[in-house]
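# Model the structure of this input:
(one chain, ligands or ions: 2)
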Amino acid sequence: MTTSEPTASADREVMIRLEGLTKRYPGQSQNAVDALDLEIYRGEIVVLVGPSGCGKTTTMKMINRIIEPTDGRIIMAGEDVTKGNPDELRRKIGYVIQQVGLFPHMTIGENIATVPHLLGWDNARTAERVDELLNLVNMPAETYRDRFPKELSGGQQQRVGVARALGGDPAVLLMDEPFGAIDPITRDRLQNEFLRLQAEVRKTIVFVTHDIDEAIKMGDRIAILREGSHVAQYDTPEQILTAPADDFVSEFIGRGASLKRLNLSRVADIELRPWPTVSIDTPPAEALQTLRGVAEASLLVLDGAGRPRRWVNAEDLSRADGRRLDQVGLAPRAVVEPRATLSDALNELITARYAITLVVDDTGAYQGVVDIDQINEAIRTMRASAVDQSRAGLQEQP
Ligand code: ADP
Ligand code: MG
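Ligands and ions are numbered 1, 2, ... in the order given. Here you go, the predicted structure:
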């Protein structure tokens with residue numbers, strides 16, 4: 001195992017420490033998890049990633065003792081929790097799984113209230129908490145509180161699963177392939193939402209996935225595991241992409257490390273390009289004048305609230321006679337929010353007519369655009385700074 005961060009423990013508090021954690025299933029000749037040592041820092045998302053069968057789920061389920069370890073210890077916030085009451089332990093740890101596991105006969109509100117009830121909170125406090133959590137996961141409480149799980153889409157159920165896991169305000173969340181069963185577009189949205197939520201709640205999160213791209217996107221730190229939960233590398237996503245510890249890690253990252261780095265940077269981190277805009281009420285002839293005065297081949301039409309409505313070019317405008325600007329041209333399709341990654345922005349722009357991704361704030365108002373030159377520039381900058389860091393890390397190591 002390598003860690004190329006020499007100051008790792010100086011400013012961070014260890015929230016979970018796994019010491020020689022081992023699981024051997026009955027009748028098996030090898031340990032499913034074999035003497036795993038791992039330190040997980042408070043407030044971070046640590047992703048356990050590795051090939052199927054390497055022991056990720058077993059590792060995670062030992063942390064809340066759904067699976068009892070054969071050997072080793074789990075220290076949580078300084079306390080050895082390997083032996084005490086497992087039910088008590090589980091109330092302090094939120095748990096989110098792929099199949100969500102909502103109780104079908106209970107309303108959304110009752111589902112989320114599960115742990116608060118177990119903790120003996122009174123009705124008023126519980127009700128307040130339920131509404132707070134629903135709003136936190138972008139599901140207005142008035143609309144969803146009294147519905148049943150089967151009345152929700154898969155993505156909505158997953159949001160409720162997260163809300164329920166946060167019910168008792170646990171310091172630790174365990175998430176096992178939480179977005180694995182969800183279509184790619186919704187998964188992307190849920191990932192972004194979850195990162196925004198985590199920026200608010202700052203839980204210590206152990207997140208399991210077999211998908212290296214998801215690991216890079218979600219992780220503050222990634223443990224790449226091989227069979228037996230042996231740690232091949234435990235490091236930041238930047239370091240794993242820049243300085244893979246061995247061939248196993250390189251192979252697991254696969255090709256396209258540069259493209260994967262785009263998952264590390266967000267639209268909000270780069271300077272957006274301006275694009276010429278025109279208001280929706282502008283007469284087409286006047287818009288055509290504006291277009292002639294700019295270098296770009298199209299204008300972005302904004303409505304009264306500053307939201308993008310149309311792309312219009314010279315041809316659209318010259319044929320517009322008397323129509324409003326939202327009746328001509330093309331509807332903008334490639335649109336992202338500032339929290340989206342550059343990878344999201346790139347995915348959008350390669351499918352867009354003008355190879356431009358629009359950036360809007362959370363009211364939908366236009367902020368600027370991202371184009372391929374900015375993405376290239378971002379890759380160059382990240383590569384340069386990652387190499388610098390890697391050199392610095394090597395020099396400082398004893
Ligand atoms: P992952 O989540 O990384 O896919 P698991 O932790 O589920 O891996 O499994 C690790 C290993 O333990 C695998 O070889 C799997 O077949 C084995 N295993 C998992 N659960 C059991 C079980 N209940 N009984 C016996 N072997 C198991
Ligand atoms: Mg698994």
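# ok, residue 227 to ligand 1 distance?
Distance, residue 227 to ligand 1, by C-beta to the nearest ligand atom, to the nearest Å: 8 Å. Placement of C-beta: from N, CA and C, glycine included.
# I'd say that residue and residue 54 touch.
Yes: assessed by C-beta atoms under 8 Å, residue 227 is found in contact with residue 54 at 5.2 Å.
# The two: who's more crowded?
residue 54 (22 against 14; other C-beta atoms under 10 Å).
# Run a quick check on that one versus residue 224, I expect a contact.
No: using C-beta under 8 Å as the test, residue 54 is too far from residue 224 to be in contact (9.4 Å).
# for the residue nearest to residue 228 when sequence neighbours are not counted, helix, strand, or coil?
In this structure, residue 228 finds its nearest non-sequential neighbour in residue 34, 3.7 Å apart by C-beta to C-beta, 6 or more residues apart in numbering. State at residue 34, reduced to three classes by DSSP: H, G, I helix; E, B strand; the rest coil: strand.
# Contacts only, for residue 34.
22, 55, 228, 229, 230 (C-beta atoms under 8 Å, 6 or more residues apart in numbering).
# Residue 67 now?
23, 58, 61.
# how about 10 Å then?
Shown in contact with residue 67 (C-beta atoms under 10 Å, 6 or more residues apart in numbering): 23, 25, 32, 33, 57, 58, 59, 60, 61.
# Assumed it was part of a strand.
No: counting by three-state DSSP, residue 67 is located in no strand; its state is coil.
# pLDDT value on residue 137, please?
Here, the pLDDT recorded for residue 137 equals 87.
# Quick check: it touching residue 159?
Yes: with contacts counted by C-beta atoms under 10 Å, residue 137 reaches residue 159, the gap being 4.1 Å.
# With neighbour numbers in mind, choose between those two.
Using other C-beta under 10 Å, the more surrounded residue of residue 137 and residue 159 is residue 159, with 25 against 21.
# Pretty sure residue 301 sits against residue 290.
No: applying C-beta under 10 Å, one finds residue 301 not in contact with residue 290, separated by 11.0 Å.
# Could you tell me which residues touch both of those two?
277, 278, 282.
# Write the ChimeraX selection for whichever of the residues you listed are buried.
The buried residues among the shared contacts of residue 301 and residue 290 can be selected in ChimeraX (16 or more other C-beta atoms under 10 Å) with this line:
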select :278,282
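# Where does the stretch 251-398 of the chain get nearest to ligand 1, which residue?
Going by C-beta to the nearest ligand atom, ligand 1 is nearest to residue 252 of the stretch 251-398 of the chain, at 12.8 Å.
# Surely that residue is in a helix?
Yes: the assignment for residue 252 by three-state DSSP puts it in a helix.
# And for it, the neighbour number?
Residue 252: 21 neighbours (other C-beta under 10 Å).
# Perfect, I'm done here.
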